[in-house]
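> turn this into a structure:
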Amino acid sequence: MSTDSSVSAALRRAEQLASNIKDAGLRSVAFDRILQFLLLTSGGPATPSRAESEHQRRTPSKQMTARTSKVRGKAIAGPRGRLLQLREADFFKTPRTIDEIQTELRRLGHHYPQNALSTPLLRLTRGRDLRRLEGKDGKKTLWRYCNP
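Down below sits the predicted model:
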C-alpha cells in the first residue's frame, strides 16, 4: 500500500511541476522525466509504466497525431493542397496568372492573399508538379502557371 501511495504522490507532484509548461509535447516529456526522477529518488519502481501510460493516453505526442493523420489519408490542407486540387481538376490546362488562381480559389471559398500563394506555387514548380512560363505585361514580368 505504501508503494501505491508514493507513486500517487509522485504522480501528483510531477503533474504539478509540469503544469507550468505551455507546450503540450514539452510538458509531456517534462512530466515523464520529473516522474522518473521522483520515483527513483523516493525508492519507488524504476519504471513507472502504469503512471506514464495513463499520462500518455491523456496527452498524445505531436508525432503520434501526425502519424495517424497520414495513415488516415487526410487531404493536404492549406494553399498547397488547394493548388494540387486545382491541378487535379485540370484548372492549369491553360496557363494561369497568380491573380486568376487567387480568383478561382476565392470562387471555391478559399481566401488567400497573393503572397500566401506565391511560395506554394514556386515549390510546386520546383517539384515539377506545375510549370512556370514567363510573360510580359508592358514593363512588368508576369508569370503563368500550367500543367507540366
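> I'd like the next helix or strand past whichever strand or helix holds residue 8.
Counting by DSSP states H and E, the element that carries residue 8 is helix 2-18. Downstream of helix 2-18, the first helix or strand assigned by DSSP H and E is helix 24-42.
> which helices and strands sit right next to that following helix?
Using 3 or more C-beta pairs under 8 Å, 6 or more residues apart in numbering; DSSP states H and E, the elements in contact with helix 24-42 are helix 2-18, helix 49-58. Heads up, the C-betas are built off the backbone N, CA and C, glycines and all.
> rank those helices by pLDDT, which is bottom?
Note on the helices and strands packed on helix 24-42: lowest mean pLDDT is at helix 49-58, with a mean of 53.
> show me what counts as buried in stretch 109-124.
110, 112, 117, 120, 121, 124 (16 or more other C-beta atoms under 10 Å).
> filter those residues down to the ones in helices?
Members of the buried residues of stretch 109-124 lying in helices (criterion: DSSP state H): 117, 120, 121, 124.
> so who does the residue nearest to the third one when sequence neighbours are not counted touch?
Using C-beta to C-beta, 6 or more residues apart in numbering and skipping residues adjacent in sequence, the residue nearest residue 121 is residue 145, 5.8 Å away. Contacts here follow C-beta atoms under 8 Å, 6 or more residues apart in numbering; on that basis residue 145 touches 92, 95-98, 101, 121, 124-125, 130-133.
> going through the residues you listed, which ones are buried?
By 16+ other C-beta under 10 Å, the contacts of residue 145 give 92, 96, 98, 101, 121, 124, 130 as buried.
> which one among the residues you listed gets closest to residue 137?
The shortest gap between residue 137 and any of the buried ones among the contacts of residue 145 belongs to residue 98, at 12.3 Å (C-beta to C-beta).
> surely that closest one meets residue 117?
Yes: counting by C-beta atoms under 8 Å, residue 98 touches residue 117, with 5.9 Å between them.
> related to what we said a few turns ago, next, the buried residues of the helix holding residue 8.
Result for helix 2-18 [16+ other C-beta under 10 Å]: buried residues 6, 7, 10, 11, 14, 18.
> pretty sure residue 142 contacts residue 100?
No: using C-beta under 8 Å as the test, residue 142 is too far from residue 100 to be in contact (10.9 Å).
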